[in-house]
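Chemist: Below are the sequence and a predicted model; questions follow.
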Amino acid sequence: MLTLENVGKTYPNGVRALDGVSLAVGPGEIIAIVGASGCGKSTLLRAASGLDAPSHGRVLVDGDLVTVPHEKIGIIFQEPRLLPWLSVADNVGFGLAEETRAERASRVAGALRRVGLSDKANVWPRELSGGQAQRVAIARALVPRPEVLLLDEPFSALDAFTRIDLQDHLLDLWTDLRPTLVMVTHDVDEAIVLADRILVMGPRPGHIFEEVKADLPRPRDRQSAAFDAIKRRVLSALDGSLKRERKVDADASPGEGAAMWW
Amino acid sequence: MTVVSMDAGIELVTAPPASRGNGLARFARPLLGLLVPVVLAVGWELAVRAGLSNGRLVPPPSRIYAQFDELARSGELLRHVILRVAAGFGVGTGLGTVLGAISGYSTLVRRLIDPSLQGLRAVPSIAWIPLFILWLGIFETSKVALIAAGVFFPVYLGVMGAVMSVDRKIVEVGRVFRLSGVQMVWRILFPAVLPAYVIALRAGLGLGWMFVIAAEFMGASEGLGYLLIDGQQLGKPAEIVAAIVAFALLGKTTDWLIVGVTAPFLRWEDRFARAGDA
């Protein structure tokens, strides 16, 4: 159970990136966060991960206050961020330093099998394709068995085919392990394919503008009418979040908003 | 069926010559670097033997070799040089690594000490000789100190730069897995700076060999630098050239040792030229 209570973030230069975000994510739930760039999506995820403590409010995982990275929370970044000096297997086992060698080996082998890269265990990260590297990053994040997995635009650097492949793959992993997933994405289709709930964020300061439920049975057909209906709702919510911003801009004294954001 | 077996046959026939060629190429590549000096040496030897030159100012290889023989018999000369460089390199590398790492890691320390060190770095190290002699005497200590000063700056600069440029994103991976400070240094920072550190060590070692000459010019009665001065004063060019060749061999060998020892730890690097092609 991941809970955000009235989370806000103001950077030292005075920019308010996030304001009053409250959110409760149940066990095994999948949440997607979409929004225009610069609306605080990544800031929100970083606050939830404990990498950047929020300036107001609190983040809790199973009742524990999160101010630094927590053992129950894993994170996957936009880039794989594999350690280039470790083999693929050692990268996957990076978070298992305290386990015995045998335990580590068997869990690493299991994780690699699950992401379909058993044959790459002993190669260097530089020898992997982009999609393979991101799969290794997913395996590395899953191996310590986090209850909550945060994903910050994890597939946005990949080509369209690989992206769809990895979305399906992520769903398979989720079906097996049932972690809570919170994913930031700017791909509306990706959000609808994966999530139970889609949070549309608006900018200046970042806030949750609207929540769209996506209660379709999985696996979801990207071509279905129901899929399209949800997509239209998300897109109009996105539009709404930006219109509201434009209105705020018009009300603000000239130049002020621009100076804050650029 | 026949096609398959034919293919297999072709592979069997072609494979061995290909691998033999590879082995030869692998063996021949380092030898390629010897070609130029060997041709020059043999050419000069033949020219002197043929009476085209008396070889007095530029001694032929045979005379240099005889000088080497003498060097090796006395033995002491090389031992002194190697010990001096080893001591100076050890001290300079140790200080350079520690201070470089600290000022790379801590902005406060960097602001405190880096400007002073950069100022000192601008001083040609030869300029320290008179001071070191006054402070530390004319014997070993001042010589080792001078070599250490020469080694210190490239190592300090290299380590500081390497620590400062460690990718924040990689450090964040360490944070996500909740590494302690020591673990962060050992599992993330150290491997990340290792390639740059090796280059800093090689630059430092090069300067170490350079400064041992300067050190031995200041009133040494043994060592290669002494041999250079002695050869000049007594008009023995073979002695000078022998000392120069000895430096070339020592410098190349120790550099090669650093590269060889560290190469297994750097196989992961994704770089333009692979080790061994250098």
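Modeler: Okay, I see it.
Chemist: my guess is residue B:142 meets residue B:135, correct?
Modeler: Yes - using C-beta atoms under 8 Å, residue B:142 is in contact with residue B:135, at 7.2 Å. The C-beta positions use only the backbone N, C-alpha and C, and glycine is treated the same way.
Chemist: the more surrounded of these two?
Modeler: Using other C-beta atoms under 10 Å in any protein chain shown, the more surrounded residue of residue B:142 and residue B:135 is residue B:142, with 22 against 11.
Chemist: Ramachandran coordinates for that one?
Modeler: With angles defined as degrees, to the nearest 10, residue B:142 shows backbone torsions of phi -70, psi -30.
Chemist: what's near enough to touch it?
Modeler: B:129, B:132, B:133, B:135, B:136, B:215, B:218 (C-beta atoms under 8 Å, 6 or more residues apart in numbering or on different chains).
Chemist: Run a quick neighbour tally on the third one.
Modeler: Other residues within reach of residue B:133 by the criterion other C-beta under 10 Å amount to 18.
Chemist: what does the first one give?
Modeler: For residue B:129, the tally of surrounding residues (other C-beta under 10 Å) stands at 20.
Chemist: The second one now?
Modeler: Burial of residue B:132 is recorded as 20 neighbouring residues (other C-beta under 10 Å).
Chemist: quick one: what helix or strand has it in it?
Modeler: In this assignment (DSSP states H and E), residue B:132 forms part of helix B:129-136.
Chemist: Dump that helix to PDB, restricted to CA.
Modeler: Extracted in PDB, the C-alpha atoms of helix B:129-136 (Å, rounded to 0.1, in the frame of the first residue of the first chain):
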ATOM      1  CA  ILE B 129      65.000  21.500  -6.200                       C
ATOM      2  CA  PRO B 130      66.900  24.200  -4.300                       C
ATOM      3  CA  LEU B 131      64.200  24.300  -1.600                       C
ATOM      4  CA  PHE B 132      64.000  20.500  -1.300                       C
ATOM      5  CA  ILE B 133      67.800  20.300  -0.900                       C
ATOM      6  CA  LEU B 134      67.700  23.000   1.900                       C
ATOM      7  CA  TRP B 135      64.700  21.200   3.600                       C
ATOM      8  CA  LEU B 136      65.500  17.600   3.100                       C
END
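Chemist: any idea how far the nearest residue to residue B:99 once chain neighbours are set aside is from chain A?
Modeler: Excluding the flanking residues, the one nearest residue B:99 by C-beta to C-beta, 6 or more residues apart in numbering or on different chains is residue B:156, at 5.6 Å. Distance from residue B:156 to chain A, counting by C-beta to the nearest C-beta, to the nearest Å: 24 Å.
Chemist: Test my guess that residue B:156 contacts residue B:98.
Modeler: No - using C-beta under 8 Å, residue B:156 and residue B:98 do not qualify as a contacting pair, with a distance of 9.1 Å.
Chemist: Compare these two (neighbour count), which wins?
Modeler: Neighbours per residue, other C-beta under 10 Å: of residue B:156 and residue B:98, the larger number sits with residue B:156, 28 against 13.
Chemist: Could I get the phi/psi values of the more buried one?
Modeler: Main-chain torsions, residue B:156, degrees, to the nearest 10: phi -60, psi -50.
Chemist: which parts of the stretch 151-278 of chain B sit against chain A?
Modeler: Of all the residues in the stretch 151-278 of chain B, those in contact range of chain A (C-beta under 8 Å from any C-beta of the partner chain) are B:169-170, B:172-173, B:175-178, B:183, B:187-188, B:191-192, B:194, B:265, B:267-270.
Chemist: Any regions of the chain where pLDDT drops low?
Modeler: In the absence of a named chain, chain A is used. In the predicted model of chain A, residues A:244-262 satisfy pLDDT under 70.
Chemist: ah, no, chain B please
Modeler: Applying pLDDT under 70 to chain B picks out residues B:1-27, B:74-77, B:219-220, B:271-278.
Chemist: Single out the residue in the stretch 51-200 of chain A that lies closest to chain B.
Modeler: residue A:126 (3.8 Å; C-beta to the nearest C-beta).
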